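1. Okay, here's the prediction I keep looking at, along with the sequence it came from:
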Amino acid sequence: MDSSLLEPTLYIVKGLLIMDNDGNRILAKYFDHNIFPSNKEQKAFEKNLFTKTHRANSEVIMLDGLTCVYKSNVDLFFYVMGSCNDNELILMTVLHCLYDSTSQILRKNVEKRVLMENLDVVMLAVDEICDGGIILEADPNAICQRVALRADDIPIGEQTVAQVLQTAKEQLKWSLLK
Amino acid sequence: MNFKRDKKEEESGEASNPFGNLEKTTVLQEARAFNDSVINPRKCTMILSKVLYLLNQGEVFGTTEATETFFAITKLFQSKDPILRRMVYLGIKELSHIAEDVIIVTSSLTKDMTGKEDLYRGAAIRALCTITDASMLQALERYLKQAIVDKLPHVSSAALVRSYHLTSGSGELIKRWVSEVQEALNSDNVMVQYHALGVLYHIRKADRLAVTKLVSRLTKSHMKSPFAVSLLIRIAAKLVDEEEKPLDSPFFDFLESCLRHKSELVIFEAAHAIINLKNVTAREINPAVSVLQLFCSSPKPALRFAAVRTLNKVAISHPTSVTNCNVDLENLITDSNRSIATLAITTLLKTGAESSIDRLMKQIASFVSEISDEFKVVVVQAIKSLCLKFPRKHATLMSFLSALLRDEGGLDYKAAIADTIITIIEENPEAKETGLAHLSEFIEDCEHTVLAVRILNLLGKEGPKTKQPSKYIRYIYNRVILEQAPVRAAAVSALAQFAAHCPNLLPNILVLLMRCQMDSDDEVRDRATLYFQLLSSGDRALTNQFILNNLQQSVLALEKALGSYLQGPTDAPFDIKTVALASVTSDELKPTVATPGILKTKPAEPKKAPVKEVSFLDEVSNIPDLARLQLGGLFKTCTKQPLTESETEYVVTSTKHVFSQHLVLQFHVQNTLPDQLLENVKVQLDVPDGFRQVAVVAIPKLPYGTPANAYCVLAWPEDLEVASGATIGATLKFIVKDCDPDTGVPDSDEGYDDEYVLEDVDVNLSDHIFGVTRSNFAAAWEEITTEREETYALSNANTIPEAVKNIVDFLGLHPCDRSDRVPEGKSSHAVALAGVFRGGIEILARAKLVLSDGVNLQLTVRAQDELVAELITASVG
């Protein structure tokens, strides 16, 4: 029995991934080049992962020697991958951080369209959560603070008419939903 | 109405997606906007996001493209927009691997890193460290050290994390930052603490004492971050694991106390650590198991998953401890998460009682089609261990397995099932007939050539020994008609086996083989012709030799020997006896209980090491002094033998390579003193009478850390009795030069002679004998007539299995037909042994053991050479 004690290392996360509901990659970060040497392997893994997870919403799956924890909302799927021996709960913490900070950035509209509009900030957030496989921060509030969340900092005059309409529509939608 | 609106929205959504249908050339074109004199931050952020998006999608950027884009991005430093600036950092990081001359931005980044704008600093540090290499690090050292102790947590974290990344490249430099890292460890911020601990451990990990101090200090202070505590648990567990008596370690108490931590993350980490310690007993792991048991009923799937996964592991080492959790595990069988359900079932299978098997199998069958191949393999392996535990249940299990075989599945999965069935067949004679029937049905429709060939070989071996061999012929002959060439060839061989074993089938099989001679494939035709001629000759000895007991030589060695034979003059016929024999593959001897880490669904398949005989022959041919001796074919390589304690100044192990006329002693020497350089290292032997030293090969230079080999070659004495029992004294002789531990350059040219006494090298009978398997021992036994017989009372063994083991070890012969497994409770047993003596003399032996006041042994040895047979009977006792 080779020692199955976990190596005391900071490298925990093997990958972060956001996909849409057709299994297309929106944002992906892979940190272990031994497991995913090139884009081809990554895509193959993503395809496999998506077919295994898009129907059953059960939070955790073991695939290709990796533990993947995931969460979905409307048309988005969030994944965090780690070694199959690693502590799933740490990965879950990272996943929650990823999801919650995205949610804050998107003002609770966690769906593909809004995400695409704010992709730049989400990229920054992902960069702040995990650096080369090391968990940099796991508190969503801290993340949002660090990415300098573009508060409603654009004066209404500078917004285009479409943007204003969009905001109005959204607010209406939310009030209707409640 | 509602539907219509939705659709409209969707359309507008598609249209507003700025990242749909991006093209690289267009985006790069747009990126020219970066060079504008007045920068529009919103526009540039958008374009930069597009570039990053493309990169992230896996679009390939050429070096020129990347470099151009990179330089355009650097222009954006002019803008003060915070988001844009941060995107610039991202762009720098992403492109730094592809673009050239990326160090150009060093000064801009350094400015941001030390600047007033706090938001930039952390990210700037991380971007900067991505583009620096070890040579430039020195210039940045001052800034980084400052950043580590910065009062802003994210700056400090960024610096720590980046220095952690850098330790892989330039560990030396980072070591000088210990005091800063220590200070960071006392930070109030949870993440800084975590990162600092990681870095500090990484710096100190070679120094056990320092790590112990670190851990004992930290276990007393209560760290707030669950991440940091879990890291500390891992470090502590490692320390505890290295202790001889883990329970006496103060850190074990720490681990146990963590089971009562308020964070589930920490509790699980501690439970996992305790369970995986090497020397723990059931009593110590029980608290951990009960914690996991609680997790099993948690509403969170991840927690349940973690708990079951760990319990599954414990079930192998401490099945009884897990039995308490059986009720909870049974509840999990119906879990909506299939991964959890599978793990729960396999755990239950490992711990469960015989009575519950039928029920569990039914449960599994209900969902097995829904789970992934990896998990199916896990299930199959669990069933395998179950079969070994409860042989009586083989009918239920076997029918389940055959159902699995018929389902869809990849090669790994099918191979696992076939393996399991084969193991069952071998272990349990009762299950043989059904197992073979299932397998023969399986090959009727098997798309995996490898698997079909394996099964055909098995049928050839086991089929003829069944009650009704004829029924397998149809299955096998069907393969000849329907399959590809490799399978056809295997089928032909299997047919020949049947014909050789069962004379009543011979005429029919001859007809079949005759048809096979018309095959379109060379190999199949050749085999058919060979077997047809052998079988129709009616010569028992020939069929025995060529069909029943096949080639014993290692294929690699044979290939090499034939190659070198063809290069030389080919007047003399090739002598197959000079070729090294294939060692009985260790796979067969592996314990049948699968490795505990079966959950590693993607086992790191070790690249098959080249057969050691061949690799050693290559080594010999590279050493002129040895190549000169014309040693010929290697007969046997014995296992390594340490000649020193493992923790001394010089670590030496010896390996005996036996050739037909010579004995080559290979000494693997390692210098463990960093401040010494050894020169002219050789081993002086105290050569016993009869042996003659032929050559000595010294190691010219042996620096610290790089082991090398020295050799001594002895010629065997004529007298076999002298050759088969000798003790050779050995002393290591060398010249010592003191040197600088860092560079390895000696302080002066002057050295002094020194020597180091090694333990003796023993040469015994088993060195001359190479164990081989005989698939048909009885046939081989009849062929040799020279026989010696002797009776002994064995003094060193009290039970029969112990005696069998002693005999096998002492003689070096290999047990045939699994006769080394002694059924429990029997008072007598017979072992069939086979091997080859140095020089290619075949040896067969039958050892009859009777238990009466100690063990009595009657040993009958048959060998082609009378002297050898006598030697063996004389040396026992």
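-> Looks like it came in fine.
2. quick one, what contacts residue 87?
-> This is for chain A. A:6, B:230, B:265, B:268-269, B:272, B:306 (Cβ atoms under 8 Å, 6 or more residues apart in numbering or on different chains). Any C-beta I mention is one placed from the backbone N, CA and C, and that applies to glycine too.
3. think we crossed wires, I meant chain B
-> Here B:M87 is in contact with A:120, A:123-124, B:45, B:48-49, B:52 (criterion: Cβ under 8 Å, 6+ apart).
4. Kindly confirm my reading that B:V757 is in a strand.
-> Yes - assessed by DSSP: H, G, I helix; E, B strand; the rest coil, B:V757 belongs to a strand.
5. Quickly find the element holding the nearest residue to it once chain neighbours are set aside.
-> Distance criterion Cβ to Cβ, 6 or more residues apart in numbering or on different chains; nearest residue to B:V757, sequence neighbours excluded, is B:T731 at 5.4 Å. For B:T731, the enclosing helix or strand under DSSP states H and E is strand B:725-738.
6. do B:K805 as well
-> Here B:K805 is assigned to helix B:800-811, by DSSP H and E.
7. mind listing what's buried in the one helix or strand B:K50 maps to?
-> Secondary structure from DSSP H and E places B:K50 in helix B:41-56. By neighbour count with 16 or more other Cβ atoms under 10 Å in any protein chain shown, helix B:41-56 contains the buried residues B:41, B:44-56.
8. Closest to B:V240 out of these?
-> Using Cβ to Cβ, B:N56 is the member of the buried residues of helix B:41-56 that sits closest to B:V240, with 42.6 Å.
9. looking at it, that closest one is touching A:Y30, isn't it?
-> No - applying Cβ atoms under 8 Å, one finds B:N56 not in contact with A:Y30, separated by 10.4 Å.
10. where does the stretch 701-850 of chain B dip in pLDDT?
-> The stretch 701-850 of chain B contains residues with pLDDT under 70 at B:742-744, B:775, B:818, B:823-825.
11. quick one, helices of it?
-> All helices of the stretch 701-850 of chain B, identified by DSSP state H, counting those that start in this stretch, fall at B:720-723, B:765-768, B:777-783, B:800-811.
12. again with the stretch 351-500 of chain B
-> So, for the stretch 351-500 of chain B - with DSSP H, counting those that start in this stretch - the helices run B:357-367, B:373-389, B:394-406, B:411-427, B:432-444, B:449-462, B:470-482, B:485-501.
13. Next: chain A.
-> A:39-53, A:88-105, A:112-117, A:119-129, A:140-146, A:161-177 (DSSP state H).
14. Export these as a markdown table, with columns for mean pLDDT, mean neighbour count and distance to chain B.
-> Putting these into a markdown table (pLDDT from 0 to 100; neighbours: other Cβ atoms under 10 Å in any protein chain shown; distance: least, Cβ to the nearest Cβ, whole Å) gives the following:
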| stretch | mean pLDDT | mean neighbour count | distance to chain B |
| --- | --- | --- | --- |
| helix A:39-53 | 87 | 16 | 3 |
| helix A:88-105 | 91 | 23 | 4 |
| helix A:112-117 | 86 | 20 | 4 |
| helix A:119-129 | 88 | 24 | 4 |
| helix A:140-146 | 84 | 19 | 6 |
| helix A:161-177 | 72 | 11 | 8 |
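15. Select, out of these, the one closest to B:N186.
-> Judging these by Cβ to Cβ, what sits closest to B:N186 is helix A:140-146, at 19.9 Å.
16. Over to B:Q693. Which of the three states is it?
-> B:Q693 - assigned by three-state DSSP - is strand.
17. show me what contacts the nearest residue to it once chain neighbours are set aside?
-> Using Cβ to Cβ, 6+ apart and skipping residues adjacent in sequence, the residue nearest B:Q693 is B:V687, 5.1 Å away. Residues in contact with B:V687, defined by Cβ under 8 Å, 6+ apart, are B:693, B:714, B:728.
18. so B:R121 is in which element?
-> With DSSP H and E as criterion, B:R121 is part of helix B:118-131.
19. what's the next secondary structure element after that helix?
-> helix B:134-148.
20. Neighbours of B:T342, how many?
-> Residues contacting B:T342 under the criterion other Cβ atoms under 10 Å in any protein chain shown number 28.
21. That one touches B:I371, doesn't it?
-> Yes - using Cβ under 8 Å, B:T342 is in contact with B:I371, at 5.5 Å.
22. The nearest residue to B:I92 once chain neighbours are set aside and B:I73: what is the separation?
-> Once flanking residues are discounted, B:I92 sits nearest to B:A127: 5.0 Å by Cβ to Cβ, 6+ apart. Counting by Cβ to Cβ, to the nearest Å, the gap from B:A127 to B:I73 is 11 Å.
23. Just put the contacts of B:V687 in CSV and tack on distance to B:R234.
-> Shown next, in CSV, are the contacts of B:V687 (distance: Cβ to Cβ, whole Å):
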residue, distance to B:R234
B:Q693, 53
B:L714, 50
B:I728, 47
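24. For ChimeraX, write a command that selects the buried ones of those residues.
-> A single ChimeraX command selects the buried members of these (16+ other Cβ under 10 Å):
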select /B:714,728
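25. any idea which of the contacts of B:V687 is closest to B:D328?
-> Checking those against B:D328 with Cβ to Cβ, the nearest one is B:I728 at 61.2 Å.
26. wait, what's in contact with the closest residue to that closest one other than its chain neighbours?
-> Counting by Cβ to Cβ, 6+ apart, B:I728 lies nearest to B:V761, which is 4.5 Å off, once chain neighbours are set aside. B:V761 is in contact with B:641, B:643, B:654, B:656, B:665, B:685, B:727-728, B:730, counting by Cβ under 8 Å, 6+ apart.
27. Please apply the same query to B:A307.
-> B:268, B:292-293, B:295-296, B:298.
28. So which of the residues you listed are in helices?
-> B:268, B:292-293, B:295-296.
29. Pick the one among those closest to chain A.
-> B:F268 (5.5 Å; Cβ to the nearest Cβ).
30. Run a quick neighbour tally on the closest one.
-> 28.
31. about what we covered before: shouldn't the residue nearest to B:I92 be in contact with B:K93?
-> Yes - using Cβ under 8 Å, B:A127 is in contact with B:K93, at 5.4 Å.
32. of the two, who's got more company?
-> B:A127 (27 against 21).
33. Quick check, pLDDT for that one.
-> As predicted, B:A127 sits at a pLDDT of 86.
34. quick one: strands adjacent to the strand holding B:T731?
-> strand B:676-686 (antiparallel), strand B:752-764 (antiparallel) (DSSP bridges).
35. tilt between the strand or helix carrying B:V696 and strand B:676-686?
-> If you go by DSSP H and E, B:V696 is part of strand B:692-697. Interaxial angle, strand B:692-697 versus strand B:676-686 (axes from the mean of the first three to the mean of the last three Cα atoms, to 10 degrees): 170 degrees.
36. give the contact list for B:L673.
-> Per Cβ under 8 Å, 6+ apart, neighbours of B:L673: B:649, B:704.
37. next one: B:S621
-> B:S621 makes contact with B:A627 under the criterion Cβ under 8 Å, 6+ apart.
38. Name the next helix or strand downstream of the helix or strand where it lies, please.
-> Assessed by DSSP H and E, B:S621 sits inside helix B:612-622. Beyond helix B:612-622 on the C-terminal side, the first helix or strand identified by DSSP H and E is helix B:624-627.
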